[in-house]
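Undergrad: after the sequence you'll find the predicted model.
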Amino acid sequence: MARSPEKQRDPKASLALLWGEQEQPRRGPKPSLTPDRITATAIAIADAEGLDAVSMQRVAAELDVTTMALYRYVPGKTDLVDLMVDTALGTPSLGGTVGGWRPRLTEWARQCWALYRRHPWILPATAMRRQLMGPNQLAWLDAALAALADSGLPPARRHDTFLLIVGHIRSLAQQRQDANQEGDQEWNRLTGELLERHGARFPALTAAVAAGAFTPQDEDPLDYGLECILDGVAALIGRTAPQS
């Protein structure tokens, strides 16, 4: 039995596709499709219906071509998802941000958070696997490290800071995806009834609920965690700065 194109994935060829370094045919008519057009179609599907709705068959149908026609340009869904992620990310723009590492990193985080809200499927597309990274993904990492270049932190700590902020953003994105207003209301009702009967066993929790700790806030959920992370980074910089 012939193996599917997906199982025959060649990492070297996949990287060439992701970085636009694949060989182009020198003869013959101009291709009717391009990886960019296929990727844009897949992103539109994912934005509207989620990542599970994306398949080679679905994308082919949207483009009014056969599924096999797509395999001439993109070897399989794994490669397609890599292209989708890198294309949707674009590149960060921090050129107009002044004031040192903290304002630059704050702006970086806000732009990143906006991407996860605009394209919620990026979260599952990049979860639990070491996918091939394209130029735009590396540009985001490069920009975060550059934002910390004058912080005095060693390179390893700059990378750790990047991971902390990305982890915070991904956690918020997961909470956003898991949110269910109707389910949350039912959970709140049942929990409230339980605390009415057993509140004495959980005094801190009961007091927090009564004080509105679990009431939805109007502020951007990014802000609190980001400020805590950056305060910690500032304290670390202060401890590691050379003493005069």
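TA: The structure has been received and is ready for your questions.

Undergrad: ok, then the element right after the helix or strand where Leu83 lies?
TA: Using DSSP states H and E, Leu83 sits within helix 77-89. Heading C-terminal from helix 77-89, the first helix or strand you meet, by DSSP H and E, is helix 101-118.

Undergrad: can you pull the buried residues of that following helix?
TA: Residues of helix 101-118 classed as buried: 101-102, 104-109, 111-113, 115-116 (neighbour count, 16 or more other Cβ atoms under 10 Å). Where you see a C-beta, it was placed from the backbone N, CA and C, and this is true even at glycine.

Undergrad: helices or strands up against the next helix or strand after that helix?
TA: Next helix or strand after helix 101-118 toward the C-terminus (DSSP H and E): helix 122-125. Using 3 or more Cβ pairs under 8 Å, 6 or more residues apart in numbering; DSSP states H and E, the elements in contact with helix 122-125 are helix 77-89, helix 101-118, helix 155-178.

Undergrad: what comes into contact with the shortest one?
TA: Residues outside helix 77-89 that contact it (Cβ atoms under 8 Å, 6 or more residues apart in numbering) are 6, 9, 14, 17-18, 35-36, 38-40, 42-43, 46, 51, 54-56, 59, 74, 115, 118-119, 121-122, 125-126, 131-137, 140.

Undergrad: please redo it, this time with the cut-off set to 6 Å
TA: With Cβ atoms under 6 Å, 6 or more residues apart in numbering as the test, helix 77-89 has contacts from 14, 18, 39, 42-43, 56, 74, 119, 125, 131-132, 134, 136-137.

Undergrad: with stretch 52-69 instead?
TA: The contact list for stretch 52-69 (Cβ under 6 Å, 6+ apart) reads 41-42, 45-46, 70, 77.
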